[in-house]
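Undergrad: Sequence first, predicted coordinates after that:
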Protein chains: 2
Amino acid sequence: MSYEYPLTINRILSRTLHRRSRSEIVYRENRYDWTKFHERVRRLASGLGSIGVKKGVRVGVMDFDTHRYLEAYYAVPMMGAVLHTVNIRLPPEHLAYTVDNAEDEVLLVRDDFLPGVAKMLPSLRKVKTVVTMSDSGSAPSFSFVGTNTKYYEDILSEADPAYEFDEPDENDMATLFYTSGTTGFPKGVWFTHRQVVLHSMSSLVGFTLSPREHSLQAGDVIMPVVPFFHVHCWGIPYDAGFLGSKFVLVGKYDPANILELVRTENVTFSAMVPSILNMIVNLPNVTEYKDTLARWKITVGGAALPRGLAQKAHALGIRVMSGYGLSETAPVLTLATPTETHTGMNETELLEKVLLKTGLPIPLVEIRVVDAEMKDVPRDSSTPGEIVVRAPWLTREYYKDQEKTNTLWKGGWLHTGDMAVIDEEGFVTIVDRLRDAIRSGSEWISSVLLEDYLSRHPAVSEAAVIGMKSEAWGERPLAIVSAKGAVTEQDLLTYMSSFVEQGKLAKFWLPDKFVVVNEPLPKTSTGKIDKKPLREKYRNLGAIAPGSMKS
Amino acid sequence: MSYEYPLTINRILSRTLHRRSRSEIVYRENRYDWTKFHERVRRLASGLGSIGVKKGVRVGVMDFDTHRYLEAYYAVPMMGAVLHTVNIRLPPEHLAYTVDNAEDEVLLVRDDFLPGVAKMLPSLRKVKTVVTMSDSGSAPSFSFVGTNTKYYEDILSEADPAYEFDEPDENDMATLFYTSGTTGFPKGVWFTHRQVVLHSMSSLVGFTLSPREHSLQAGDVIMPVVPFFHVHCWGIPYDAGFLGSKFVLVGKYDPANILELVRTENVTFSAMVPSILNMIVNLPNVTEYKDTLARWKITVGGAALPRGLAQKAHALGIRVMSGYGLSETAPVLTLATPTETHTGMNETELLEKVLLKTGLPIPLVEIRVVDAEMKDVPRDSSTPGEIVVRAPWLTREYYKDQEKTNTLWKGGWLHTGDMAVIDEEGFVTIVDRLRDAIRSGSEWISSVLLEDYLSRHPAVSEAAVIGMKSEAWGERPLAIVSAKGAVTEQDLLTYMSSFVEQGKLAKFWLPDKFVVVNEPLPKTSTGKIDKKPLREKYRNLGAIAPGSMKS
């Protein structure tokens, strides 16, 4: 009988283990190679089995980006259980909701989060066991009333290092996590083994399609700066398993430490959201890292990469490239990979023409930009439409929410809620989140484009543009700017007007008002600028300031 | 409802068509881009539909490597029909057997092969229509008694350019072809859509794992020199669809023309068997192509790459790398990709340590080297065992042959019949085909290793070592050498004895006899040295030459 080979996470390491990759997995003082990693993965599965984890059981993890989290990324799904990557940045009520909604029976919890979990435990109806984790090297002295407590390293040392996995079906649920919307409780999305495997394979082929000086390849030292609870850390922990690369774990995020790790561990590839990159390039001693920055490739996603930030990173020697995806899409859909059309362009041109764009679909992704009737918009770089997609790794549903699932999958295409334009060659550029676009009269104004230009002003650290209520127009743009130098509202208006004169912005796109603040803008749990509190605070500013500067 | 995305050949072009790759597909004076290619693929499917091809119908193709063959590679499986890549080098009786066994209903036949098909037609019970093809630009004036005849370009011009494919299931049979064994009729092997897609994706990730200066990447101009009837041309026509690369088709093989095409079309990547490479590097004017050769990467497979040949290619500036696989395995199993252990090695060292080896498994391939009891042999670079494998793209069976299938899949692993050793790092090196190894007493002697050393002698063009009957030992090695200079049996014995003195060969491995011939050695239909006629002619030489030189 032939052997029917399933696409499971169990198989990702096949080549890496066969060749006994000596590349290290590094978290603080913990260093071991992929063979030792696999032994610890087997021990973890064996240990979890001994406390009742089996096929289908949900296991939640609450940790920073550590080697233990990486072990759980493999061990939990490989034994047929479900890895719930708990979003530790959620407000406690929301976090407890996700653990309860996921029906987690076991929680792996870093000591930092044990007091919080203790408070939540009464509302976590299914949780039977808490496995504690710590960087201290010994078990946290913490116990729960009515819930078993085990120490992670004890579980591993008591376990069977030769544990044999009972392989799951490729269509079994492997991972589950929650994506916070603008309203209500977070929504659960989940992925099968097959989806996780195909997502990584296609991402790796997608990177192949880019020049090596920008993209992830074998030989790279990988250090993602994407929380492990955020969409499989963009799949990078699984990509690294395929490649067998050296893999550096950041732990809790601290920009100065991140940069120092890049230097000391010879990191060559990272991925992160723009706000983290912004913090790094604005570190006071960043120019002392010239050689380090010159070998650092960064794929930026999670939010549009502002031109000003990209230029600053580029000037420091970092090679940045955009990627795009959602929690619902596992996440990668596109990479801003140059094609044969761009051969011979210098880095500056490439940044403008390619690397800043949302990009081209990776293999097997079918992407369309459509109007409200699901008709493709023209490839004219200017008509916006919604991005809808098909791929082998899109979530089948919002967990336990048929209604939202129906909206997500309306017409058999996954609706991203992102507004984009498409150019003749097929490059997609996001103009706005549907909900972030500002509706002025019957026209859409792109907050992203305005933010992009604002962020290039030398005195501006960050910018957010929101819709302000307007009796005349429904909504009008309002800019909130975090300043790092002296700048007035009038300076910003003059500055932005210059882009109108250059024909780069429509006149009616000019914000009616500029609010200058001297602290960082609020962020979501995933590090993006959080417009929700900004809207709450400022959206009625138009009403109380009738003499606004509409021009 | 979410969309369940199948892994079908239909989806390979998704990215390439989205971005409207302008890269050309070139065969002689035919040049068009991937968008035009897709239109012709739709036309071909539409046209085949009009002559009765539908889901499950077998379509045989008999052609050299042309753009029309490439169109059939996509159109036939994409419409749910089965592509039978007929081995045109088989003896007519065997060829007719394969067409009949495959139950081909339609044959796409190049004019060169029409007379042969006419003779065979009476025994091709299922064939209803012959579609004729020609490089002449007009329909061949050829008609069959009792069988419909259509001209390929007529079918396309009458067809619907907007034909919509009714997508097959990913587990439907997509391709079928026959592999010639040493005895009896060829055996059929077949592959599903899913298998073809995963094979290409994994091959591309496998290439990612190698330095760009050796491996296939985006931006390469691809020209396979592997017959399209031979194991999906190693998957390269599908790899190229994923990449959207410029793709050059060779037509009928002629070494001088191949080299000239590399020059004129700026080819950077090819794949071929060693005997073709041997012809190319021995072309009298090869050194006139210095710049061309310097940008040419070649993956060699189908037979072990002899060291002498690799060194010669290397000296000319060509970067060669080995790959390994079988008809039964779609075919790629391993690539000789360097790892981080080999960083900093120069090309000569790399050739010796990596590129000449059979290599490392590509992702998702599980490879073992086992003894007769299916126990793994030690990783000591010297204990030979059989290579057995699992991967998502191995043939499920020999078509209509349960008995041979049972042998192939004994114990749930596919048995390659190849003898190999494995080193500490996991690199596999083929020692011999099981049937080519020479059994001297209770010991195995590797014919491949002996051929490798013989091929490095300056007067030797090709060498084959076979087992010669021996009363004392069962078998003893006999070397047959095709000379390109003056060389005697005694010269060769002295030369080979030097390797014994250097400890590179066991003394008992020295051939008992050397036969020097002045013509090329016989080849199989796939261009490998055919040992069958050599065995028939020479295997009893031991018996009639009792005074042989056993030392």
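TA: Noted; the coordinates are in hand.

Undergrad: Every contact and neighbour count from this point should use C-alpha atoms.
TA: Will do.

Undergrad: can you list the domains in chain A?
TA: Chain A resolves into domains spanning A:9-191, A:192-373+A:425-433, A:438-544 when parsed by automatic domain parsing.

Undergrad: Please identify the deepest-packed of those.
TA: A comparison of the domains of chain A by mean neighbour count, using mean count of other C-alpha atoms under 10 Å in any protein chain shown, puts domain A:192-373+A:425-433 on top with a mean of 22.

Undergrad: Pull up the distance across it, start to finish.
TA: End-to-end span of domain A:192-373+A:425-433 (C-alpha to C-alpha, to the nearest Å): 27 Å.

Undergrad: Would that domain count as contacting chain B?
TA: Yes: Domain A:192-373+A:425-433 comes into contact with chain B (C-alpha under 8 Å from any C-alpha of the partner chain), by way of A:201-202, A:204-205, A:208-211, A:217-219, A:242-243, A:339-340, A:360-366, A:425-427.

Undergrad: Just those: which are in strands?
TA: A:L360, A:P361, A:E366 (DSSP state E).

Undergrad: Can you verify my assumption that the last one contacts A:P392?
TA: Looking back up the chat, that one is A:E366. No: with contact defined as C-alpha atoms under 8 Å, A:E366 does not count as touching A:P392 (9.7 Å).

Undergrad: where does chain A dip in pLDDT?
TA: Applying pLDDT under 70 to chain A flags residues A:181-183, A:434-435, A:441-444, A:503, A:526, A:542-551.

Undergrad: center of it - which residue?
TA: A:G302 (4.8 Å; C-alpha atoms, centre = their mean).

Undergrad: isn't it right up against A:P331?
TA: No: with contact defined as C-alpha under 8 Å, A:G302 and A:P331 do not form a contacting pair (9.4 Å).

Undergrad: Quick one: residues contacting A:W234.
TA: Residues near A:W234 by C-alpha atoms under 8 Å, 6 or more residues apart in numbering or on different chains: A:V226, A:A330, A:P331, A:V332.

Undergrad: nope, A:E265 is what I was after
TA: Contacts of A:E265 were listed using C-alpha under 8 Å, 6+ apart, and they are A:V221, A:V248.

Undergrad: could the ones in strands among the residues of domain A:192-373+A:425-433 next to chain B go into JSON lines alongside distance to A:D432?
TA: Output for those, formatted as JSON lines (distance: C-alpha to C-alpha, whole Å):
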{"residue": "A:L360", "distance to A:D432": "17"}
{"residue": "A:P361", "distance to A:D432": "18"}
{"residue": "A:E366", "distance to A:D432": "20"}
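
Undergrad: Okay, A:S322 and chain B: tell me how far apart.
TA: A:S322 is 17 Å from chain B, where distance means C-alpha to the nearest C-alpha, to the nearest Å.

Undergrad: circling back: where do the contact lists of A:G302 and A:P331 overlap?
TA: By C-alpha under 8 Å, 6+ apart, A:G302 and A:P331 have these common neighbours: A:Y324, A:G325.

Undergrad: quick one, helices of the stretch 351-500 of chain A?
TA: Under the criterion DSSP state H, counting those that start in this stretch, the stretch 351-500 of chain A carries helices at the ranges A:402-408, A:447-455, A:489-501.
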